[in-house]
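Participant: For reference, the sequence and a predicted model appear below.
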Amino acid sequence: MRSNAFPAAFLIAALFFSAPCRAGDPLVWVEAFTIPPAHSPIFHVAVKNPGETPLEAAMSVKLPGPWTAVPETVDVSLAPGEATRVRFESEQGTEIAANRYPVEVTITSDGRTATHQQEVFWAGTPFFSPEIDGRIDDWNDAIPIRFDVEAKTTTVATYWNRRRFSVMIAVEQDALRPIDDATPFDAVQISLAPDGAATGTTPDDEAQRFEFLLVAVGTDGEGKVYQLAEPGMKLARAAKTRPLEGLELEAAELVVRHEDGVTYYEGSIPFGPMRAAIRPSEGRAYQFSVLVHDPGGAGLRDLGHALGLGPCRRNPLAWSRFPGDSFGETPPYDSKTPWRFISSRH
């Protein structure tokens, strides 16, 4: 924020960046790129007016390096409580090896300016069929997203083919706690949902996501996948801690390997039960997120935080509870962020 005294109208613009949340939408959020950066991706900036009077403002976006956003400036008109997604195109984009793209959003109203800075990722899932063996040799052509919690790095990568969704999560940690060795135990929680799905705000609302839990069984590489949620189940049921017995997804594959201070979760889940909601095909959008439960180390690691979701996107109904989870008093971020199936990263 670059001002100390704002007129009343501009205070509403300032609220995009500093006010407490009233509902589930972000005050300002740059959605992840879902098209390769070198292909001039279209991207969206989500904004909300949480104030009690209308907002009239100009919004511009600064992209990294030689990139330019088109148009340079967009007029935003929002009623109290109204939210919208503003569409931008990009030109002269280049891929950054670290997959971190610094973006700055500027909102101006009544001659005053406020800025929001965010690192944006390219969230793409290339087409490939890895061998599920706990090794990462097959993942060189994936598009990893890396983020740090308490100086420990987590890497998330995905692949798809016509039949299965594959995921590799690398968790930097001192030791692995398998499910049969300790409670709480280490685990990875993933959520997949169709494009446009939203998380409800009351326990009577129905889930619109598929949700899975990945755990190690012993220390010899064996893993197990549990299905925690599916579209149509009541969110009240997902929010209640339930035993895992009976929730095993036998058709899933998972290997969990700990080596040199890193735990590798490599698994695949069949699209068959999900196909009515999520149809895997090139260019199709879907939604995805990850929680890493590391009770003996960094605690809960939330991909939603790394993707720039603001405090408005915390929702206690967005993720399922299970015995031994690492949830604290503060709810995790929403389980739905934009992603896209692509042919390759090249």
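Facilitator: Structure's in. What do you need?
Participant: what about N161, distance to L235?
Facilitator: Here N161 is placed at a distance of 31 Å from L235 (Cβ to Cβ, to the nearest Å). In this view, the C-beta of every residue, glycine as well, is placed from N, C-alpha and C.
Participant: and those two? which has more neighbours close in?
Facilitator: L235 (24 against 15; other Cβ atoms under 10 Å).
Participant: What sits closest to the more buried one if chain neighbours are left out?
Facilitator: Of all residues not flanking L235 in the chain, L317 sits nearest, at 4.4 Å (Cβ to Cβ, 6 or more residues apart in numbering).
Participant: dump the residue contacts of the one you found.
Facilitator: 199-203, 205, 235, 238-239 (Cβ atoms under 8 Å, 6 or more residues apart in numbering).
Participant: Need the per-residue pLDDT for it.
Facilitator: L317 is assigned 95 on the pLDDT scale.
Participant: Correct me if wrong, but S191 is in a helix.
Facilitator: No. Applying DSSP: H, G, I helix; E, B strand; the rest coil, one finds S191 to be strand, outside a helix.
Participant: and the end-to-end length of stretch 39-46?
Facilitator: 22 Å (Cα to Cα, to the nearest Å).
Participant: Can you list the buried residues in that stretch?
Facilitator: 41, 43-46 (16 or more other Cβ atoms under 10 Å).
Participant: Residues contacting that stretch, please?
Facilitator: Applying Cβ under 8 Å, 6+ apart, the contact partners of stretch 39-46 are 25-26, 28-35, 59, 61, 83-91, 93, 105, 120.
Participant: go with 6 Å
Facilitator: 26, 29-31, 33, 35, 85-91, 93, 105 (Cβ atoms under 6 Å, 6 or more residues apart in numbering).
Participant: gap between the nearest residue to V217 once chain neighbours are set aside and P332?
Facilitator: Excluding its sequence neighbours, the residue lying closest to V217 (Cβ to Cβ, 6+ apart) is K224, at 5.2 Å. K224 sits 22 Å away from P332, going by Cβ to Cβ.
Participant: Same check on R135?
Facilitator: Distance from R135 to P332, by Cβ to Cβ: 30 Å.
Participant: Which of those two has more residues huddled nearby?
Facilitator: Legend: neighbour count by other Cβ under 10 Å for R135 and P332, higher for P332 (24 against 15).
Participant: What is the burial count for R85?
Facilitator: Neighbours around R85, by other Cβ under 10 Å: 12.
Participant: what helix or strand does it sit in?
Facilitator: Per DSSP states H and E: R85 is located in strand 83-91.
Participant: buried sites along that strand?
Facilitator: In strand 83-91, residues buried by neighbour count (16+ other Cβ under 10 Å) are 83, 86, 88, 90.
Participant: Which neighbours in the sheet does it have, and how are they oriented?
Facilitator: Applying DSSP bridges, strand 83-91 is found paired with strand 43-48 (antiparallel), strand 68-70 (antiparallel).
Participant: starting at the chain centroid, how far to it?
Facilitator: Centroid separation for strand 83-91 versus its chain: 19 Å, with Cα atoms, centre = their mean, to the nearest Å.
Participant: got the contact list for that strand?
Facilitator: 25, 40-46, 48, 61, 67-70, 74.
Participant: so L291 is in which element?
Facilitator: strand 285-294.
Participant: Pull up the pairing partners for that strand, direction included.
Facilitator: strand 187-194 (antiparallel), strand 299-302 (antiparallel), strand 337-341 (antiparallel).
Participant: Now that strand: average pLDDT?
Facilitator: 97.
Participant: How many residues are close by D334?
Facilitator: Per other Cβ under 10 Å, the neighbour tally for D334 reads 25.
Participant: ok, back up a step: now render the buried residues of stretch 39-46 as a markdown table, adding pLDDT and distance to S191.
Facilitator: Output for these, formatted as a markdown table (pLDDT from 0 to 100; distance: Cβ to Cβ, whole Å):
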| residue | pLDDT | distance to S191 |
| --- | --- | --- |
| P41 | 83 | 23 |
| F43 | 89 | 22 |
| H44 | 91 | 20 |
| V45 | 93 | 23 |
| A46 | 88 | 19 |
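Participant: Distance to A114 for these - can I get that in JSON lines?
Facilitator: Listed next are these as JSON lines, based on distance: Cβ to Cβ, whole Å:
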{"residue": "P41", "distance to A114": "25"}
{"residue": "F43", "distance to A114": "20"}
{"residue": "H44", "distance to A114": "19"}
{"residue": "V45", "distance to A114": "14"}
{"residue": "A46", "distance to A114": "16"}
